[in-house]
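Colleague: Provide a 3D model corresponding to the input given below.
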Amino acid sequence: MNNIIKDSLAKSISYTAYRKKVSDLLAEGKSTGPVQSEDLLNYSTLNDARMNRLDKKVTLTETTINALKRASKQQTWLLITEGWCGDAAQITPVIHKMSEVSDTVDLKIVLRDENEALMNEFLTNGSKSIPKLVVLNEQEEVISSWGPRPSVATKMVNDYKEQHGGLDADFKRDLQVWYNKDKGQSIQEDLIAFLEN
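Modeller: Residues are numbered from 1 along each chain as shown. Take a look at the predicted model:
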């Protein structure tokens with residue numbers, strides 16, 4: 001596991017580099033990842049617009065800012081993502097904003113499909129669900145992991161699956177509406193727990 005973490009950190013990029021990579025690929029008519037399709041390209045285009053909007057509009061709560069300022073232990077937040085993922089488009093800008101405010105959190109981003117060994121260590125119910133945040137201490141040891149969604153959204157997904165047997169286009173649309181209304185507050189509430197432990 002230590003070698004997998006070290007390899008992934010060596011391949012990681014900053015949030016700014018990630019955003020540029022997604023935009024540059026879109027300019028070439030591509031999405032991130034080895035599989036290319038019209039659907040993935042459309043999702044990536046929509047997500048790029050979402051992230052542009054969120055980069056300007058994400059606001060951290062006073063509770064979040066205070067927790068980030070109080071935190072004294074250095075952490076690396078290693079985020080596994082892809083440009084075509086709708087949840088990631090809503091979550092990644094919030095995580096980035098939190099890392100910007102913090103003196104102790106260093107955000108690093110890796111693409112899921114370029115880091116299969118890492119992703120396989122952090123599966124969700126056996127699947128490669130993203131985004132996945134791996135929280136590391138100063139010694140680059142795993143403290144915890146989080147994702148692929150805030151706990152409130154995870155409950156919504158699980159309840160819907162139980163009632164309907166799976167997720168459909170209507171639910172996915174409703175989930176994006178929920179993210180917009182929530183304004184990143186549930187993500188912040190989940191993640192400040194890592195700072196206080």
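Colleague: centre-most residue in the protein?
Modeller: For the chain, the residue sitting closest to the mean C-alpha position, by Cα atoms, centre = their mean, is residue 131 at 3.8 Å.
Colleague: for the protein, which residues score under the pLDDT cut-off?
Modeller: 196-197 (pLDDT under 70).
Colleague: could you pull out the helices for it?
Modeller: Taking DSSP state H, the helices of the chain run over residues 2-11, 15-27, 38-57, 62-70, 86-101, 116-121, 151-164, 169-182, 185-196.
Colleague: and the closest residue to residue 71 other than its chain neighbours, what is it in contact with?
Modeller: Leaving aside its sequence neighbours, residue 71 sits nearest to residue 195 (Cβ to Cβ, 6 or more residues apart in numbering; 4.1 Å). All C-beta spots, glycine's among them, are computed from the backbone N, C-alpha and C. Applying Cβ atoms under 8 Å, 6 or more residues apart in numbering, we find residue 195 in contact with 67, 68, 70, 71, 75, 102, 104, 105.
Colleague: and the first one, how far from residue 192?
Modeller: To residue 192, residue 67 is 4 Å away according to Cβ to Cβ, to the nearest Å.
Colleague: report how many residues lie close to the closest residue to residue 133 other than its chain neighbours.
Modeller: Spatial nearest neighbour of residue 133, excluding adjacent residues (Cβ to Cβ, 6+ apart): residue 146 at 4.5 Å. Residue 146 has 22 neighbours, counted by other Cβ atoms under 10 Å.
Colleague: would you agree residue 146 is in contact with residue 190?
Modeller: Yes: using Cβ atoms under 8 Å, residue 146 is in contact with residue 190, at 6.3 Å.
Colleague: between those two, what contacts are shared?
Modeller: With contacts taken as Cβ under 8 Å, 6+ apart, not a single residue reaches both residue 146 and residue 190.
Colleague: how many neighbours does residue 180 have?
Modeller: For residue 180, the count of nearby residues is 14 (other Cβ under 10 Å).
Colleague: to clarify, my last question referred to residue 43.
Modeller: Neighbours of residue 43 (other Cβ under 10 Å): 18.
Colleague: count of neighbours near residue 150?
Modeller: Neighbour tally, residue 150, other Cβ under 10 Å: 25.
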